[in-house]
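Asks: sequence? don't have it. structure:
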C-alpha cells in the first residue's frame, strides 16, 4: 500500500502544472512540476534561471512609447526597467543570486506590420537591459514574422520554443503605466 | 543667491537604474556620483562630501535599510537627507525605512520631475 502511494506521488510530481504567464505578469517558482507557458506575437518574454538555487522566472511584456513629456526614447525605459527589476527582485527573494542568473529571450515578432517598430524596440530594450545588468543571455529567438509558444520549467531551466499560428497569439496591448506607478514621493 | 551645485550620491545595484538616475539628475545640473550597494556607498562617503543620498532597498552586501542605519549611527551624516527609491510598496517596508532615519520614500518607476523636486526640497 505504501509502495503504491509513493508511485502515485511520483506520477503526480511528473505531471506538469501549467501556468500561463499573461502580458504584464512576472512569475517565479522553484517547484519542479511547475511549467510556465505563454504565446508571444510582438510581445517579448524574458526567462531567468539560477542553476544553483534551481529557481526560475518568466515575464511577458510589450512596452508602450514613453508618456508625453519624457525623453523621446523608443520605448518607456523607466517603466521597462521597473518591470525587469520586479522579476529580478522576485528571483532574489526566492534565493537566486544576480551573478548566477542565466537568461533566454523570446518573441518580438513582426506579426502585425503596424506593430513592427515597437516589437523590435522591445526586443532591443530587453537585450540592452541584460547587457547593462551583466546577465548572460544563453539563447535568444527574437524577431521574424511568426508567433511563438514558450514553455519554461523554472526549477530546471528547460525551455521549449516553437512557432505557432499567428491567430493563437493574443492581441498585444502596449503597457501604459498604471495610475499607482507614477513615482509618488512621500517626505517623512 | 548661492550657485553651489547640489551633490548627490545614488546607490543602486542595477546599472540600468543608475543610468536612468544619472541622466535624470545630471540634465538638471546636479553633481551625481554613484555606488552599486551599501558597502560601496559607505566607502565613497568616507572620502567624499555629499548633500543628498538616494538609495535603493534591495541590494547585495548591504541593503538600503542597513546603509541608512549605518549613516545615522555617526554624527557626520545624522542630518543628511536620505531618499529611498524602491520597487517596494509595502507599508511595513516604508515604516522600517522611516524608523531607520530615511527622509523620504519614492516609488519606482520614478518620475524625473517629481524626483528632482524632492531633491531640491530636502537639500534646501
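Replies: Thanks, I have it. Everything numeric here is computed off the predicted structure, so don't read it as measured data.

Asks: Helix or strand: which one has the residue nearest to the spatial centre of chain B?
Replies: Closest residue to the average C-alpha location of chain B: residue B:54 at 1.0 Å, with Cα atoms, centre = their mean. Residue B:54 belongs to strand B:52-55 when assigned by DSSP states H and E.

Asks: picking that back up, ok, now how distant is the residue nearest to the centre of chain B from chain A?
Replies: According to Cβ to the nearest Cβ, to the nearest Å, residue B:54 stands 11 Å off from chain A. Yep, even glycine has a C-beta here, placed from its N, CA and C like the rest.

Asks: right, and that residue touches residue B:21 too?
Replies: Yes - using Cβ atoms under 8 Å, residue B:54 is in contact with residue B:21, at 7.0 Å.

Asks: so what's in contact with the two at the same time?
Replies: B:10, B:85 (Cβ atoms under 8 Å, 6 or more residues apart in numbering or on different chains).

Asks: just to revisit the earlier point, residues contacting the residue nearest to the centre of chain B?
Replies: Residue B:54 touches B:8-11, B:21, B:82-85, B:106, B:115, B:119, counting by Cβ under 8 Å, 6+ apart.

Asks: cool, residue B:51 as well?
Replies: If a contact means Cβ under 8 Å, 6+ apart, then residue B:51 has B:6-8, B:80-81, B:123 as its contacts.

Asks: Inside strands: which ones of those residues?
Replies: In strands, judged by DSSP state E, the following of those are found: B:7-8.

Asks: now, which of the contacts of residue B:51 sits nearest residue A:133?
Replies: For the contacts of residue B:51, the minimum distance to residue A:133 (Cβ to Cβ) is 22.3 Å, reached by residue B:8.

Asks: Isn't residue A:43 up against residue A:63?
Replies: No - the criterion here is Cβ under 8 Å, and residue A:43 misses it with residue A:63 at 9.7 Å.

Asks: Neighbour count: the two, which is higher?
Replies: Between residue A:43 and residue A:63, residue A:43 has the larger neighbour count (other Cβ atoms under 10 Å in any protein chain shown), namely 31 against 24.

Asks: Next one: the more buried one from residue B:116, what distance?
Replies: In this view, residue A:43 and residue B:116 are 33 Å apart by Cβ to Cβ, to the nearest Å.

Asks: Cool, thanks, talk later.
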